[in-house]
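S.K.: sequence plus the predicted model coming up.
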Amino acid sequence: VLSEAPETLAARRDDWKKVLKVWYKAVAYLKDPKTHDDAVKIMASRVGLEPAEYESFINGTNILTLDEAKKFMPKAEGFKSLYGSSKIADDFNVANKVYEAPEDIDAYIDMSLMSEL
């Protein structure tokens, strides 16, 4: 999930589209067995870790390709949708008094850029 203020998204839409394209190029580089080790080495160096240690974090993280991510775009209930999982988190936060009133989930999820890729 990439988060940005609606004003910035509107003002720099083409730039944010470029960010998403580069993100999915990086994901492809990471997932490609031929370049995976180099991707891990690059990412590990950015946070001051050895590649072997950083690899253990990657193994516990589900980094989605564009096609995989698009499956979570439709509005639906439950964890198979960004909308549904956001609603579950929102309900939890209200029930546990993290904040008082439910958030307007539709107001802060914009899948339009993903649809354009």
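M.R.: Structure's in. What do you need? Numbers count the residues shown, from 1 in each chain.
S.K.: domain-wise, how is this structure divided?
M.R.: In the assignment given by automatic domain parsing, the structural domains of the chain cover 1-70, 72-117.
S.K.: need the nearest residue in space to residue 111, chain neighbours excluded.
M.R.: Distance criterion CB to CB, 6 or more residues apart in numbering; nearest residue to residue 111, sequence neighbours excluded, is residue 73 at 4.9 Å. To be clear about C-beta, it is placed using only N, CA and C from the backbone, and glycine gets the same treatment.
S.K.: show me the contacts for that neighbour.
M.R.: Residue 73 makes contact with 81, 82, 111, 114, 115 under the criterion CB atoms under 8 Å, 6 or more residues apart in numbering.
S.K.: among the residues you listed, who's most crowded?
M.R.: The member of these surrounded by the most neighbours (other CB atoms under 10 Å) is residue 82, with 19 neighbours in all.
S.K.: longest helix in the chain, by residue count?
M.R.: For the chain, the helix that runs over the most residues, judged by DSSP state H, is helix 13-31.
S.K.: which positions within that helix qualify as buried?
M.R.: Neighbour-count burial for helix 13-31, counted by 16 or more other CB atoms under 10 Å, picks out 16, 17, 20, 24, 27, 30.
S.K.: same question, stretch 34-47
M.R.: For stretch 34-47, the neighbour count (16+ other CB under 10 Å) marks 39, 40, 43, 44 as buried.
S.K.: tell me the one of these nearest residue 66?
M.R.: Residue 66 lies nearest to residue 39 out of these, by CB to CB, at 16.6 Å.
S.K.: follow-up on the earlier one: so can I have a markdown table of the buried residues of helix 13-31 showing pLDDT and distance to residue 2?
M.R.: As requested, the buried residues of helix 13-31 are exported to a markdown table (pLDDT from 0 to 100; distance: CB to CB, whole Å):
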| residue | pLDDT | distance to residue 2 |
| --- | --- | --- |
| 16 | 94 | 8 |
| 17 | 94 | 11 |
| 20 | 95 | 7 |
| 24 | 97 | 11 |
| 27 | 97 | 12 |
| 30 | 97 | 17 |
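S.K.: any chance of a markdown table for those residues, columns distance to residue 7?
M.R.: Below are these laid out as a markdown table (distance: CB to CB, whole Å):
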| residue | distance to residue 7 |
| --- | --- |
| 16 | 12 |
| 17 | 16 |
| 20 | 18 |
| 24 | 25 |
| 27 | 27 |
| 30 | 31 |
